[in-house]
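S.K.: Generate a structure from the sequence data that follows.
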Amino acid sequence: MNLTLNVWRQPSPKAQGKIVEYQVKDISPEMSFLEMLDVLNEDLLHKGEDPVAFDHDCREGICGSCDLFINGRSHGPEKGTTTCQLHMRKFSDGDTITIEPWRANSFPINKDLSVDRSAFDRIIQAGGYVSVNTGGAPDGNEIPIPKDIADRAFEAATCIGCGACVAACKNASAMLFVSAKVSQLALLPQGDVERKTRVENMVAQMDIEGFGACSNIGSCAAECPVGISLENIAILNREFLTAKATSNNLA
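M.R.: All right, here's what the predicted structure looks like:
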């Protein structure tokens with residue numbers, strides 16, 4: 001396939017960015033989207049031009065590093081798919097593809113399509129952990145947990161922290177991400193020790209990072225590549241209200 005790419009180029013965080021048009025030729029439909037960008041960058045390097053910076057790591061839909069806004073959608077046109085798992089067969093010969101970074105004040109641009117998502121790391125550091133005793137690994141069946149509860153916790157834990165929910169939200173809200181991290185621990189007995197302080201601290205850090213408020217539009221869940229449910233936001237709200245009503249933290 002021969003394609004026209006409109007790519008956001010921005011040399012540094014403080015520089016003015018712009019859309020630049022490129023042509024790529026002989027793209028195989030079996031290539032992943034990131035492999036297509038690799039072809040573009042090889043062409044640019046051969047011409048002595050600066051390659052397009054973009055985030056990637058595992059390229060297996062696991063790490064959450066790939067974060068591209070493709071034709072106005074987080075991760076592109078295929079539902080339940082990360083950018084690295086999006087294949088070029090979803091496009092047609094002669095298509096024009098617009099590629100932009102995540103757009104959120106809390107995700108400042110590093111360069112071109114690469115953004116700084118360390119705000120998510122700081123939210124996790126604020127409370128996304130459990131207290132455990134050091135030593136040997138505990139027996140897997142030491143604490144019996146009903147299967148439906150374990151399944152719900154596992155589904156919340158599948159969040160890969162890519163930030164698609166923030167990019168898709170008109171308010172740039174991180175509620176789906178935070179709610180998934182709170183839910184996966186709140187549903188399990190291992191999470192009881194920090195239960196109240198966890199949700200208070202993580203929500204407080206989310207606000208400090210400048211993410212917007214949730215208005216229950218649902219675009220976050222619609223664009224989530226791993227299908228995190230809006231139910232988690234309801235769990236987060238319940239946990240937060242309970243913590244504020246019963247904790248000793250008066251802040």
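S.K.: got a list of contacts for stretch 168-180?
M.R.: Residues lying outside stretch 168-180 but in contact with it, judged by CB atoms under 8 Å, 6 or more residues apart in numbering, are 73-74, 103-106, 119-120, 123, 156-157, 159, 161, 163, 165-166, 202-203, 206, 209, 211-215, 217, 219-224, 228, 230, 232-233, 235-236. C-betas here are computed from N, CA, C, even on glycine.
S.K.: what about Ser65, which SS state?
M.R.: Classification of Ser65 using DSSP: H, G, I helix; E, B strand; the rest coil returns coil.
S.K.: Same check on Thr98?
M.R.: Under three-state DSSP, the three-state class of Thr98 is strand.
S.K.: how many neighbours does the residue lying closest to it once chain neighbours are set aside have?
M.R.: Leaving aside its sequence neighbours, Thr98 sits nearest to Asn6 (CB to CB, 6 or more residues apart in numbering; 4.4 Å). Using other CB atoms under 10 Å, Asn6 has 14 other residues around it.
S.K.: gap between the helix or strand hosting Asn6 and the chain center?
M.R.: Assigned by DSSP states H and E, Asn6 belongs to strand 3-9. Mean-position distance between strand 3-9 and its chain equals 22 Å (CA atoms, centre = their mean, to the nearest Å).
S.K.: try stretch 17-35
M.R.: 22 Å.
S.K.: any idea of the mean pLDDT for that stretch?
M.R.: Mean pLDDT, stretch 17-35: 97.
S.K.: just stretch 160-179 next, same as before
M.R.: Per-residue pLDDT over stretch 160-179 has a mean of 97.
S.K.: Quick one: end-to-end distance for it.
M.R.: Terminal residues of stretch 160-179 lie 13 Å apart, using CA to CA, to the nearest Å.
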